[in-house]
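Novice: With the input below, show me the fold.
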Amino acid sequence: MLDGMPLVDAHVHAPRLATLKPAWREWAVQFAGRYDWRSAYSADGDPVPAALDELFESEGVDRALLFCEYSPRATGIQPIEDNLPLVAHNPDRFRLVANVNPHLHHPVASEVERQLSLGAVALKVHPVHGAFSPVDRELYPAYQVCADRGVPVIVHTGSSTFPGSRARFGDPALLVDVVEDFPSLDVIFAHGGRGWWYDVAAFLALAKPNVWLDVAGLPPQKLPEYYARHDFPRLATKMVFGTDWPGIPGVARNARALGGLGLPDDVLRGVLAGNAAKLFPGLGI
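Specialist: I've put the predicted structure just below:
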């Protein structure tokens, strides 16, 4: 817990550094600044389960959702299996998030089933790094699996700085068909439409009961500015805290910055953990 409140970081990257392209490592160094995320890594560039667990404990994080990614165009391939030792070390704190790329996985539904069988509590798709449309009909069987299982889908929305990315696939409006075709499926817009799509993401979150905003990678103090055209306390009831770790100045620092925005206590608790507890099965928060 952090300052007496449960805390879920719903957007964490803790990959083996050898699996990443140089641009990812440059991004982490640039945005982390003095934050010593490398203390949780070995000299060979692999996350050390005990050290990472201790770091998140010191940050007050009760649950951390670990992302894998299959994006050879942009960041490389970080297989879900690389996260298994972290979960094995502390299955209470660490949870898996699945990932599929329709250019690599066929049929996608069976790969989603395989990764969910490893314990994943959500599916992430990254159309911007993978250069595919999130409404591609090849992905519909994957969405159906998640709808049937009661597992949310996290979709990258907004821009990305990594070479090989295709920003046009980050438009949240592309997901309207998915949201409407799968009304029982919770769809989480990672990065909240970052860039020039904040208003689209916010409008859909307020208009659709199954749309949520993950605020990872966004400076918390700037959220009211990014969503200035909307009722921010109301919009915050549809937000999920995440950091995009390690490219941040600190998990606790970001969470406390959110706490400084003047949100009602119940809304703040929802952002920091309560909404995640509703969306991701079995968190036990």
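
Novice: Show me the longest strand that occurs in this protein.
Specialist: The residue-count maximum for a strand in the chain (DSSP state E) belongs to strand 187-194.

Novice: Report the rounded mean pLDDT for that one.
Specialist: For strand 187-194, mean pLDDT is 97.

Novice: strand partners of that strand, parallel vs antiparallel please.
Specialist: strand 153-158 (parallel), strand 211-214 (parallel) (DSSP bridges).

Novice: Please write out the alpha-carbon positions of the last one in PDB.
Specialist: Taking only C-alpha atoms (Å, rounded to 0.1, in the frame of the first residue of the first chain), the coordinates of strand 211-214 have been written out as PDB:
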ATOM      1  CA  VAL A 211     -14.200   1.700 -22.400                       C
ATOM      2  CA  TRP A 212     -11.500   2.600 -19.900                       C
ATOM      3  CA  LEU A 213      -8.400   4.800 -20.000                       C
ATOM      4  CA  ASP A 214      -4.900   3.600 -18.800                       C
END
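
Novice: which residues are in contact with the helix or strand following that strand?
Specialist: Downstream of strand 211-214, the first helix or strand assigned by DSSP states H and E is helix 223-226. Residues outside helix 223-226 that contact it (C-beta atoms under 8 Å, 6 or more residues apart in numbering) are Gly192, Tyr198, Val215, Leu218, Phe232, Leu258, Leu261. Heads up, the C-betas are built off the backbone N, CA and C, glycines and all.

Novice: For helix 223-226, could you pull out the residues that count as buried?
Specialist: Within helix 223-226, the residues that qualify as buried are Leu223, Pro224, Tyr226, counting by 16 or more other C-beta atoms under 10 Å.

Novice: could I get those as CSV with distance to Leu139 and pLDDT?
Specialist: Formatted as CSV, these follow (distance: C-beta to C-beta, whole Å; pLDDT from 0 to 100):
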residue, distance to Leu139, pLDDT
Leu223, 29, 98
Pro224, 33, 97
Tyr226, 28, 97
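
Novice: out of the residues you listed, who's nearest Pro72?
Specialist: When these are compared for distance to Pro72 (C-beta to C-beta), Tyr226 wins out at 30.9 Å.

Novice: State the three-state secondary structure for the residue sitting furthest away from the middle of the chain.
Specialist: Distance from the centre of the chain peaks at Ala43, with 26.7 Å (C-alpha atoms, centre = their mean). Put simply, Ala43 is coil when judged by DSSP: H, G, I helix; E, B strand; the rest coil.

Novice: Just checking, which helix or strand of this structure averages the lowest pLDDT?
Specialist: Lowest by mean pLDDT, DSSP states H and E among the helices and strands of the chain is helix 22-32, with a mean of 88.

Novice: Show me what that one is packed up against.
Specialist: Packed against helix 22-32, as judged by 3 or more C-beta pairs under 8 Å, 6 or more residues apart in numbering; DSSP states H and E, are no other helices or strands.

Novice: pLDDT of the following helix or strand past that helix, averaged?
Specialist: Next along the chain after helix 22-32, taking DSSP H and E as the criterion, comes helix 49-58. Averaged over helix 49-58, pLDDT sits at 98.

Novice: tell me what the helix or strand just after helix 49-58 is packed against?
Specialist: Elements were assigned by DSSP H and E; along the chain past helix 49-58, the next helix or strand is strand 63-67. Here strand 63-67 touches strand 8-13, strand 94-99, going by 3+ C-beta pairs under 8 Å, 6+ apart.

Novice: same thing but at 10 Å, please
Specialist: With contacts defined as 3 or more C-beta pairs under 10 Å, 6 or more residues apart in numbering; DSSP states H and E, strand 63-67 has these neighbours: strand 8-13, helix 49-58, helix 84-89, strand 94-99, helix 275-279.
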